[in-house]
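**Q** structure for the following, please:
(one chain, ligands or ions: 1)
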Amino acid sequence: MALKNVTVLGCGVLGSQIAYQCSFEGCDVVSYDINDEALEKAKQRISALKDSYQKDLHASQEEVDKAEKNITFTSDLAQAVEKADIVIEAVPEVPDIKIDLYKKLADLLPEKTILATNSSTLLPSTFAKETGRPEKYLALHFANHIWLRNTAEIMRHPGTDEKVFQTVIEFAKQIGMVPIPLQKEQPGYVLNSLLVPLLDAGLELWAKGIAEPEVIDKTWMIATGAPMGPFAIIDSVGLRTLYNVIDAKDGEPFASIAEKLKSEYLENKLGIESGEGFYTYPNPAFADKDFLKA
Ligand code: NAD
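**A** Residues are numbered from 1 along each chain as shown. Here you go, the predicted structure:
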């Protein structure tokens with residue numbers, strides 16, 4: 001294995017999943033977070049992942065226990081990175097927090113270490129200089145529920161070394177991901193560049209009163225063969241997250257969409273997590289065998 005020693009910085013929602021997935025696939029993993037309290041939460045998150053791996057991937061008890069044991073936890077940054085072949089940064093999506101961390105890392109990382117960011121919205125070129133190793137820095141972006149939604153979007157910035165880019169593509173395969181290489185920087189990577197316009201278009205049709213969510217989803221499903229339409233996807237993303245994204249955009253149709261979401265849904269219909277969004281769960285209409293019939 002070319003990159004065996006993996007350090008994950010930030011052990012929140014995504015960091016804990018990344019650490020566990022890497023360990024599950026045989027890497028030696030160090031998880032770093034800011035203090036003991038955060039590390040305690042991280043341990044609980046990681047322990048909770050074991051059930052999902054058993055249920056969704058049919059992993060054995062021995063496999064899930066071994067993956068858990070092979071993660072070391074620390075709040076000492078120097079110790080966390082001293083042996084790292086690759087460091088994956090999954091700290092909050094706040095530029096100042098990332099810059100501060102990169103500056104500290106610049107003095108601590110061994111020469112060989114590749115530094116990857118899991119940032120969803122920030123471009124690596126913004127931070128390349130601060131890392132002190134622009135040629136060994138790039139984005140490696142995972143999706144929530146990494147063990148099931150196993151894309152790894154690998155995005156280089158203009159200064160990323162070709163060999164480093166290829167090494168990280170191979171690493172993604174090693175840890176059970178399907179690598180999605182991006183040859184240039186693109187906000188939203190591949191997935192959200194496709195998904196966000198689809199969701200926005202569905203919401204605009206709805207907010208303008210042109211068609212109801214079920215009709216819009218049905219159209220998309222019949223015509224493209226997709227298993228879900230935009231509103232079913234929105235239910236799985238969660239309506240509050242979606243609202244925050246829409247609310248941050250200026251002008252129309254976003255203002256009308258945000259208003260309608262707020263007045264008709266946000267009170268108690270938040271999507272799958274609350275049992276109801278555009279559909280009701282656990283048996284949403286779009287999954288019914290008759291949904292696509294006339
Ligand atoms: P989170 O808030 O769940 O976790 C962040 C963790 O970082 C926390 O445990 C926090 O204690 C820790 N932290 C804070 N400051 C730190 C520092 N200076 N050094 C080390 N750790 C620090 O966040 P998240 O949802 O896991 O997101 C983390 C990154 O992953 C973000 O860049 C986000 O864009 C990206 N991401 C998130 C998702 C998602 O669905 N949540 C999906 C893909 C990518």
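
**Q** in contact with residue 21, which residues?
**A** 142, 146-147, 175-177 (Cβ atoms under 8 Å, 6 or more residues apart in numbering). In short, each C-beta sits where N, CA and C put it, glycine included.

**Q** element containing residue 233, please.
**A** Residue 233 is part of helix 230-237, with elements assigned from DSSP states H and E.

**Q** alpha carbons only: can I get that helix in PDB?
**A** In PDB, the C-alpha atoms belonging to helix 230-237 read as follows (Å, rounded to 0.1, in the frame of the first residue of the first chain):
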ATOM      1  CA  PRO A 230     -35.300  16.300  -7.300                       C
ATOM      2  CA  PHE A 231     -37.800  16.400  -4.500                       C
ATOM      3  CA  ALA A 232     -37.000  12.900  -3.300                       C
ATOM      4  CA  ILE A 233     -33.400  13.900  -3.300                       C
ATOM      5  CA  ILE A 234     -34.100  17.100  -1.300                       C
ATOM      6  CA  ASP A 235     -35.900  14.900   1.300                       C
ATOM      7  CA  SER A 236     -32.700  12.900   1.800                       C
ATOM      8  CA  VAL A 237     -30.400  16.000   1.900                       C
END
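
**Q** who's in contact with whichever helix or strand comes after that helix?
**A** Once helix 230-237 ends, the next helix or strand along the chain (criterion: DSSP H and E) is helix 239-247. Residues from elsewhere that reach helix 239-247 (Cβ under 8 Å, 6+ apart): 196, 199-200, 203, 234, 254, 257-258, 261-262, 265-266, 269-271, 277.

**Q** please apply the same query to stretch 221-238.
**A** Residues from elsewhere that reach stretch 221-238 (Cβ under 8 Å, 6+ apart): 195, 198-199, 201-203, 206, 213-214, 216-220, 242, 270-273, 277-279, 281, 284, 286, 291-292.

**Q** so residue 180 lies in a helix, does it not?
**A** No. Residue 180: not assigned to a helix; according to DSSP: H, G, I helix; E, B strand; the rest coil it is strand.

**Q** give me the secondary structure label for the residue nearest to it when sequence neighbours are not counted.
**A** Nearest non-adjacent residue to residue 180, counting by Cβ to Cβ, 6 or more residues apart in numbering: residue 153, 4.6 Å away. For residue 153, the assignment made with three-state DSSP gives strand.

**Q** give the contact list for residue 153.
**A** With Cβ under 8 Å, 6+ apart, residue 153 has these contacts: 139-141, 180, 182, 189-191.

**Q** and what of residue 97?
**A** residue 91.

**Q** give me the buried positions along the helix or strand encompassing it.
**A** Here residue 97, judged by DSSP H and E, is contained in helix 95-108. Neighbour counts over helix 95-108 (16 or more other Cβ atoms under 10 Å) mark 98, 101-102, 105 as buried.

**Q** same list, these, but only the ones touching the ligand.
**A** Filtering these for neighbours of the ligand using Cβ under 6 Å from any ligand atom leaves residue 101.

**Q** bridged to the residue nearest to residue 180, which residues?
**A** Assessed by DSSP bridges, residue 153 has beta-bridge partners residue 141, residue 180.

**Q** circling back: just the buried ones from the contacts of helix 239-247, in ChimeraX syntax?
**A** Burial among the contacts of helix 239-247 is assessed by 16+ other Cβ under 10 Å; the matching ChimeraX selection reads:
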select :199,200,203,234,254,257,258,261,265,269,270,271,277
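
**Q** determine which two of the contacts of helix 239-247 are furthest apart.
**A** Spatially, the most separated pair among the contacts of helix 239-247 is 196 and 269, at 21.4 Å (Cβ to Cβ).

**Q** against residue 272, how distant is the residue in the stretch 151-294 of the chain positioned nearest to the ligand?
**A** Nearest residue of the stretch 151-294 of the chain to the ligand, counting by Cβ to the nearest ligand atom: residue 241, 8.5 Å away. Computed as Cβ to Cβ, to the nearest Å, the residue 241 to residue 272 distance reads 12 Å.

**Q** next up, the contacts around residue 284.
**A** 232, 235.

**Q** repeat for residue 12
**A** Counting by Cβ under 8 Å, 6+ apart, residue 12 has contacts 33, 42, 45, 90, 92.

**Q** same question, residue 8
**A** Neighbours of residue 8 in contact, by Cβ under 8 Å, 6+ apart: 15, 18-19, 22, 29-32, 87-88, 90.

**Q** how about 10 Å then?
**A** With contact taken as Cβ atoms under 10 Å, 6 or more residues apart in numbering, residue 8 is in contact with 14-23, 29-33, 42, 71, 80, 84, 86-91, 116, 118.

**Q** mind checking which of the residues you listed land in helices?
**A** 14-23, 42, 80 (DSSP state H).
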